[in-house]
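>>> kindly generate the corresponding structure for this input.
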Amino acid sequence: MAVEVWDRAALDEVLERALSASTADETEAVLFAGENALTRFTHNAVHENVVESNHQLSVRAVIGKRTGVAATNRVDAEGILEVVRRACEIAKLSTEDPDFPGLPGPQGEVRDVAGAYDPATAEATPDARAAAVSEIAKVMRLHNLYAAGYVSTQTETIAVANTKGVKRFHRGTDSAINIKAMGRDASGYAEGFSRRFDDLDPKALAERAARKAVAGAQPRALEPGKYTVVFEPPAFREFLGYLSWIGFGAQAFEEGSSFMSGRLGERIVGENVTIRDDYAHPLGHGIPFDFEGVPRQPVTLIERGVARDVVYDSYYAAKLHHPNTGHALPAPSSDGPMPLNIVVDPGSRTLEDMIKDVHHGVLVTRTWYIRLVDQKQTIITGMTRDGLFLIERGRITTGLKNMRFNQSIIGALGRCELASALVRSESHVLPGVKFEEFNFTSGTEF
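Numbers count the residues shown, from 1 in each chain. Now for the predicted structure:
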């Protein structure tokens, strides 16, 4: 069967065939369909253009308290029968889980996401992506730089159905531009994300990355120590992504490894910090239901510094006697439920005004190579990259060689100020942030 990306009738037929073919007590079918287009560039020229169209059918079979999951990208009649058979066989051989509550049934209406699908983005051509690269390259040549990165557009459909009557469907688009500007001894970075490709401004992003590469030339070394540090949103997003993974889900909370465990109702960060999960934020990129077909609920995780809640799927909702917040990941998931659309409430001042108050500090464009050191204390280690600058008497004065840091994320959020402008970075929506006493442990030679 040839399945078109947006042909809902064909997708529904695939799901129905899978459910009808199953001999399990309960069955769930999740179908992902999409087209991902990626135009990569380096040294100011396109070097790769790829378009992938694919469908993946994942089937979860439940026999008693045993479950089995199998997946395929063959969605013809034979492929559907085979993946269902494998899921049922895996279920028969699996260990029984006495806490498994069964698949969820229908749980209310799904609130769709306004503007989730943009036809122009779905129809974006290689020429349109190449034109964006051309604009980026023009900016780089003006500054005697070269750029590497990518321009991407994608369409996506997610459909979920189960034998208890759940039936969900969502379609959306997304796009991104990623730019690394390279000079002789310094680099700069800029990124943009939007459901609408036409909303991205490649020239403006290129100019931002180029300014950083030019301003960072002839970087100097900075002594390790504790500094006032201003993080731009791409750097801050890495921190929030780690919090989502290690502590904002019910599995880590129940196991006691989360920084939220046993602390609901306590103040754990600064009173100016409110962190939510909200799939429907207008700047974000979320879907209105989880991978079990349960409607996603907005969840306030931290409110004015106080730990309020974590997110749940059907398994942990039943086990911990908590409402299901609709945050299941595709089965089988070793990480349990997780927030995918973090939103950090903004502060009252611009990032530029916050920098003016820094007497001696550091501006961080982005981070990378982050590793977890202590989950409970949220300590991570990592490095800066693509734009590290010294701030002196409220002014950005010179580029710095990259630094390694060791820092508790929750500790840093206890002494921070948040900027007023929200931007999207990956799937999160957040401002820039200023941290006091941020701990740089060593320097580098680049």
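>>> residue boundaries of the helices in this protein?
8-21, 77-93, 119-122, 126-142, 202-215, 233-246, 250-255, 314-319, 351-356, 409-413 (DSSP state H).
>>> and the ones you listed as TSV, adding mean pLDDT?
Shown next, in TSV, are the helices of the chain (pLDDT from 0 to 100):
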stretch	mean pLDDT
helix 8-21	95
helix 77-93	98
helix 119-122	96
helix 126-142	98
helix 202-215	98
helix 233-246	96
helix 250-255	98
helix 314-319	98
helix 351-356	97
helix 409-413	98
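>>> name all residues that make contact with residue 294.
Residues near residue 294 by C-beta atoms under 8 Å, 6 or more residues apart in numbering: 104, 107, 166, 313, 314, 324, 326, 328. In short, each C-beta sits where N, CA and C put it, glycine included.
>>> quick one: which of those is nearest to residue 344?
Each of the contacts of residue 294 was scored against residue 344 by C-beta to C-beta, and residue 326 proved nearest at 20.6 Å.
>>> hmm, that closest one is touching residue 298, no?
No: applying C-beta atoms under 8 Å as the test, residue 326 and residue 298 come out as separate, 9.8 Å apart.
>>> remind me, longest strand of the protein?
strand 45-63 (DSSP state E).
>>> thinking again about what came up before, now for the contacts of residue 294, which pair is the farthest apart?
Longest span within the contacts of residue 294, C-beta to C-beta: 166 and 313, 13.5 Å.
>>> for residue 326 and residue 298, indicate the residue with more neighbours.
residue 326 (30 against 16; other C-beta atoms under 10 Å).
>>> got the contact list for the more buried one?
Taking C-beta under 8 Å, 6+ apart, one finds 107, 289, 290, 294, 295, 296, 297, 313 in contact with residue 326.
>>> so what's the second one scoring on pLDDT?
In other words, residue 289. At residue 289, the model reports a pLDDT of 98.
>>> one more: the last one?
At residue 313, the model reports a pLDDT of 98.
>>> against residue 295, how distant is the closest residue to it other than its chain neighbours?
Closest residue in space to residue 313, ignoring its immediate chain neighbours: residue 328 at 3.5 Å, by C-beta to C-beta, 6 or more residues apart in numbering. As judged by C-beta to C-beta, to the nearest Å, residue 328 and residue 295 stand 11 Å apart.
>>> quick one, which of those two is more surrounded?
Just comparing residue 328 and residue 295: by other C-beta under 10 Å the higher neighbour count belongs to residue 328, 27 against 18.
>>> that older thread, so which of the contacts of residue 294 is the most crowded?
Counting neighbours by other C-beta under 10 Å, the top entry in the contacts of residue 294 is residue 326, with 30 neighbours.
>>> for that one, grab phi and psi.
phi 80, psi 50 (degrees, to the nearest 10).
>>> let the chain start at 5 from now.
Right, with 5 as the first residue, what we last looked at is residue 330.
>>> contacting residues for the residue nearest to residue 317?
So, once contact is read as C-beta under 8 Å, 6+ apart, residue 332 ends up touching 294, 295, 296, 298, 317, 318, 319, 341.
>>> also residue 344?
So residue 344 contacts 248, 281, 283, 290, 331, 431 (C-beta under 8 Å, 6+ apart).
>>> the chain - how does it break down into domains?
12-207, 223-450 (automatic domain parsing).
>>> mind giving me a markdown table with the ones you listed and columns for distance to residue 213?
Below are the domains of the chain laid out as a markdown table (distance: least, C-beta to C-beta, whole Å):
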| stretch | distance to residue 213 |
| --- | --- |
| domain 12-207 | 4 |
| domain 223-450 | 8 |
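>>> so which of those gets nearest residue 215?
Of all the domains of the chain, it is domain 12-207 that lies closest to residue 215, at 6.6 Å by C-beta to C-beta.
>>> now the closest residue to residue 391 other than its chain neighbours: how far from residue 390?
Nearest non-adjacent residue to residue 391, counting by C-beta to C-beta, 6+ apart: residue 369, 3.1 Å away. Computed as C-beta to C-beta, the residue 369 to residue 390 distance reads 5 Å.
>>> hey, what's in contact with both of those two?
192, 193, 216.
>>> what is the neighbour count of the second one?
Neighbouring residues of residue 193 were enumerated by other C-beta under 10 Å; the total is 22.
>>> list the contacts of it.
Residue 193 is in contact with 183, 184, 185, 213, 216, 238, 369, 370, 389, 390, 391, counting by C-beta under 8 Å, 6+ apart.
>>> how close does it sit to residue 157?
When residue 193 is compared with residue 157 (using C-beta to C-beta), they lie 21 Å apart.
>>> can you give me the pLDDT of residue 167?
pLDDT, residue 167: 98.
>>> so residue 306 is in contact with residue 277, correct?
Yes: with contact defined as C-beta under 8 Å, residue 306 counts as touching residue 277 (6.0 Å).
>>> now do the strands in the stretch 155-304 of the chain.
171-186, 191-198, 229-235, 279-281, 303-307 (DSSP state E, counting those that start in this stretch).
>>> nearest to residue 412 among those strands would be which one?
strand 229-235 (12.5 Å).
>>> ok, back up a step: now tabulate the contacts of residue 332 in TSV and tack on distance to residue 81.
TSV is the format used below for those (distance: C-beta to C-beta, whole Å):
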residue	distance to residue 81
294	29
295	24
296	26
298	29
317	31
318	30
319	32
341	34
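>>> where does the stretch 305-450 of the chain have low pLDDT?
Within the stretch 305-450 of the chain, no range satisfies pLDDT under 70.
>>> which residue ranges of it form strands?
Using DSSP E, counting those that start in this stretch, strands in the stretch 305-450 of the chain cover 310-311, 346-348, 364-378, 383-396, 399-403, 407-412, 420-422, 427-429, 432-434, 437-447.
>>> which strands or helices does the third one pack on?
The helices and strands touching strand 364-378, judged by 3 or more C-beta pairs under 8 Å, 6 or more residues apart in numbering; DSSP states H and E, are strand 191-198, strand 229-235, helix 237-250, strand 383-396, strand 407-412.
>>> and what of the last one?
Taking 3+ C-beta pairs under 8 Å, 6+ apart as the contact definition, the neighbouring helices and strands of strand 437-447 are strand 229-235, strand 407-412, strand 420-422.
>>> residue 67 is nearest to which of the ones you listed?
Closest approach to residue 67 among the helices and strands packed on strand 437-447 (C-beta to C-beta): strand 407-412, 44.6 Å.
>>> next, the angle from that closest one to strand 437-447.
120 degrees (axes from the mean of the first three to the mean of the last three C-alpha atoms, to 10 degrees).
>>> show me what strand 407-412 pairs with in its sheet, parallel or antiparallel.
Strand pairing for strand 407-412, determined by DSSP bridges: strand 383-396 (antiparallel), strand 437-447 (antiparallel).
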